[in-house]
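[1] With the sequence up front, the predicted model follows.
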Amino acid sequence: MDDGPTPAVGRGGRRRDQAVALGWLVVIWQLLWGRFSWGNLLGGLVVGAAVLIFFPLPPVTFGGRLRVGALLVLAVTFVGELVRASVHVAAIAVRPGYRPRGAILAVPLRVRTDLNLALAAELVSLVPGTLILDVDRDRGVLYVHVLEVCRPEDLAVNRARVLAVERRIVRAVGSPQEVRQLGVPLVERRNQP
C-alpha cells in the first residue's frame, strides 16, 4: 500500500488537522439540525470534540497541492453528474412496473492513498444511483453498487465513471507523483508491489 514517502505530521500539523476536522464536524452537525443556533453550535463543538477524542482516526496527510482550475473542473463535473443522475433515478422511480437490475462492481483505484480513497468514495456515493458498499484499503479497491445495469457494457461504463472521478480528484488535489500514477495503465499497477 506504500505509494512513496508520506510527509511527516508534526505536533502543530496534527493539531491543525484536528481543528479542521472539528470545524467540519460542527458544520455537519449544523446541517443535520437544519438551522443555526448558538445551542446547536455549542452542541456541535461538544459532540465533535467527543468524536475526535473517543474515536481517533489515523492522520490523513495531504502531500499534494491544490490546483484551482482542476478543482473547478471537479466541482462543475460533479454538479453535472448530480443533476443527470437525479433525473435518471427519478425517471426510474416513476416508471410503472419497472424493476431496475443493480450490480456490484469492484473498482481498483490507481492512487491508493487514504485521502484519495475517502474523497473518491464520498463523491461516488453522493451521486444518486451509486453507493459505496465497501472499501478495501489495503488493495485500494472500491466496491460500488450501481442502480441500473442493462447490458454487460454498462459495467465497463460505470467502472470508467468511477475512475474518471478518481482522475479529477487527483488532478485537483494530488501530488505530482500521484498525477503521474494516473498515466500508468491499471494492469501494470496491479503487478507492482
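    Yes, it's here.

[2] which parts of the longest helix along the chain are buried?
    Ordering each helix of the chain by length in residues (DSSP state H) puts helix 68-94 first. For helix 68-94, burial by neighbour count (16 or more other CB atoms under 10 Å) applies to 70, 74, 78, 81, 85, 89. Heads up, the C-betas are built off the backbone N, CA and C, glycines and all.

[3] Now do that helix: distance to the chain's middle.
    Centroid displacement of helix 68-94 relative to its chain, using CA atoms, centre = their mean, to the nearest Å, is 14 Å.

[4] which outside residues touch the host helix or strand of Gly39?
    Taking DSSP states H and E as the criterion, Gly39 maps to helix 38-54. For helix 38-54, contacts defined as CB atoms under 8 Å, 6 or more residues apart in numbering pick out 18, 21-22, 25-30, 33.

[5] ok, those vs Leu117, which is closest?
    Ala21 (16.9 Å; CB to CB).

[6] separation between the residue nearest to that closest one when sequence neighbours are not counted and Gly23?
    Distances taken as CB to CB, 6 or more residues apart in numbering place Leu52 nearest to Ala21, at 6.2 Å, with adjacent residues excluded. As judged by CB to CB, to the nearest Å, Leu52 and Gly23 stand 11 Å apart.

[7] all strands of this structure, in order?
    Along the chain, the segments classed as strands by DSSP state E run 103-108, 130-136, 141-146.

[8] quick revisit: need the buried residues of helix 68-94 in a markdown table (columns: pLDDT and distance to Arg112).
    A markdown table is the format used below for the buried residues of helix 68-94 (pLDDT from 0 to 100; distance: CB to CB, whole Å):
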| residue | pLDDT | distance to Arg112 |
| --- | --- | --- |
| Ala70 | 92 | 20 |
| Leu74 | 94 | 19 |
| Phe78 | 95 | 22 |
| Glu81 | 95 | 23 |
| Ala85 | 95 | 26 |
| Val89 | 93 | 30 |
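
[9] for those residues, which one is nearest Arg180?
    Using CB to CB, the buried residues of helix 68-94 come closest to Arg180 at Ala70, 14.7 Å.

[10] so who does that closest one touch?
    168, 171-172.

[11] Quick check: which ranges of the chain have low pLDDT?
    Residue ranges of the chain with pLDDT under 70: 1-13, 59-62, 184-193.

[12] and the residue nearest to Asp134 when sequence neighbours are not counted, how many neighbours does it have?
    Distances taken as CB to CB, 6+ apart place Tyr143 nearest to Asp134, at 4.2 Å, with adjacent residues excluded. Tyr143 is flanked by 15 other residues according to other CB atoms under 10 Å.
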